[in-house]
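Undergrad: Sequence first, predicted model second:
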Amino acid sequence: MRIIDKNKDYYDYLAHQPDSDDGVTFDRRGSIPLRSEDFFNILSEHVKHHEYYRRYWWLWKEEPSKYNKFFAVRAGVKLFLIGLKLEIDETDFRNCILKSYKMEFIKTFEDFNYRGKILDIVSVDHSDLLITAINKKKFENIKLPELVIKNMGLPDGFYILKNIGIPSIIPPEQIYYGMETYLFSLKNDQNCESRGLTDSEKIINHGFDKKTSFRNM
């Protein structure tokens, strides 16, 4: 998979490996280099509006949850579910303040029928089914169709992930090949061709060599 973008991310080097196939192109131009403070500010807004999990009630017993917020990274056919441990100052509950956070990888889902944004960061609702499965460590009970996926509140676009802690929990191969597999599934769908490519880039995207193809005879 070729990647077109002036910004660099932690999985980009795989485009230059011998097993990389130039038959598809990810046009990532205009990508947004997220900083750790950007992600912290987004989470602070969620905390401010109480969009996090506080306590889990079951049979009238108060049970702490391992995570109080969830989000996911979408990379083509793969969705990586991540749990967040938020340290929150609730002294004034109407004005809660996020002090710090830690993220932990939970589970990878694969959906080869997915059609949508190739690279994204989304919020995942803290449903009772999700909380119960995690508290009981029954990750096999977490099903992709049951996840309630929402907008994270980030600017629209493709995000550079390397500065927000993602490289420490998701291997670069998982991100790269999830997107490459997705693009190959769309290769024959003319309606899904990458937008904004030049004619030369489109020629390359369809597997032709612009130096030797379409010469005047």
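TA: Cool, got the structure.

Undergrad: so what's L183 up against?
TA: By C-beta atoms under 8 Å, 6 or more residues apart in numbering, the contact list for L183 reads 1, 24-26, 76, 118. To be clear about C-beta, it is placed using only N, CA and C from the backbone, and glycine gets the same treatment.

Undergrad: With F71 instead?
TA: Taking C-beta under 8 Å, 6+ apart, one finds 82, 84, 121-124, 152 in contact with F71.

Undergrad: which one of the residues you listed is nearest D111?
TA: The closest of the contacts of F71 to D111 turns out to be V122 (C-beta to C-beta; 13.2 Å).

Undergrad: tell me the contacts of that closest one?
TA: Here V122 is in contact with 71-72, 74, 149-152 (C-beta under 8 Å, 6+ apart).

Undergrad: give me that answer again for 6 Å
TA: Listed by C-beta atoms under 6 Å, 6 or more residues apart in numbering, the contact partners of V122 are 72, 149, 152.

Undergrad: List the contacts of the second one.
TA: For I149, the set of contacting residues under the criterion of C-beta under 6 Å, 6+ apart consists of 122, 124.

Undergrad: what residue lies at the spatial centre of this structure?
TA: The centre of the chain sits closest to V73, judged by C-alpha atoms, centre = their mean, with a distance of 1.8 Å.

Undergrad: Got the phi and psi for that one?
TA: Backbone torsions of V73, given as degrees, to the nearest 10, read phi -100, psi 120.

Undergrad: Give me the distance between it and K8.
TA: 18 Å (C-beta to C-beta, to the nearest Å).

Undergrad: Columns secondary structure on top of the contacts of F71, output as TSV?
TA: Below are the contacts of F71 laid out as TSV (DSSP: H, G, I helix; E, B strand; the rest coil):
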residue	secondary structure
I82	strand
L84	strand
I121	strand
V122	strand
S123	strand
V124	strand
M152	coil
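
Undergrad: Not including adjacent chain positions, what is the nearest residue to I164?
TA: Among residues not flanking I164 along the chain, F39 sits closest, at 4.5 Å (C-beta to C-beta, 6 or more residues apart in numbering).

Undergrad: Revised request: answer the last question for E104.
TA: G83 (5.0 Å).

Undergrad: re earlier: could you give the number of residues near the residue nearest to I164?
TA: The local packing of F39 (other C-beta atoms under 10 Å) involves 22 other residues.

Undergrad: Next, it: secondary structure please.
TA: With three-state DSSP as the basis, F39 sits in helix.

Undergrad: Could you do I42 as well?
TA: Strictly by three-state DSSP, I42 counts as helix.
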